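> Next comes the sequence, and after it the predicted model I'd like to discuss.
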Amino acid sequence: MPDASFPDNAHVQAFLRGPNVSMSTVGVRHFNGLGQARNYAAKWMREKQVNASFTEGRAQGAYIIITKTRTWFAEHQKKLVE
């Protein structure tokens, strides 16, 4: 999605605009624990989004794997056609 916006992190925004399907936040965003990683993922996930991000790791090694889906994009493309 070339117009995707993620104001909290330029690396995540570049990923969302690019061709890759998934990315890890290792080296991109530091979390102090799994709870903080889960809260961050919950903050940025859209409602009704299923399996869009996963938290992993432990303690200082916690990270998120972000996976793009075409669901949101396809639904909004349909609305444009209507």
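Arrived safely, thanks for sending. Residues are numbered from 1 along each chain as shown.
> where does the most centrally placed residue in the chain sit relative to Arg29, distance-wise?
By Cα atoms, centre = their mean, the chain has its centre lying nearest to Ile66, at 4.2 Å. Between Ile66 and Arg29 the distance, using Cβ to Cβ, to the nearest Å, works out to 10 Å. From N, CA and C alone the C-beta is placed, and that goes for glycine too.
> before we move on, the earlier item: now do the helix or strand encompassing the residue nearest to the centre of the chain: which elements does it pack against?
Here Ile66 sits within strand 63-67, counting by DSSP states H and E. Under the contact definition 3 or more Cβ pairs under 8 Å, 6 or more residues apart in numbering; DSSP states H and E, strand 63-67 sits against strand 22-24, helix 34-44, strand 53-56.
> Now tabulate those in CSV and tack on mean neighbour count and distance to Gln13.
CSV is the format used below for these (neighbours: other Cβ atoms under 10 Å; distance: least, Cβ to Cβ, whole Å):
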stretch, mean neighbour count, distance to Gln13
strand 22-24, 15, 11
helix 34-44, 15, 11
strand 53-56, 17, 15
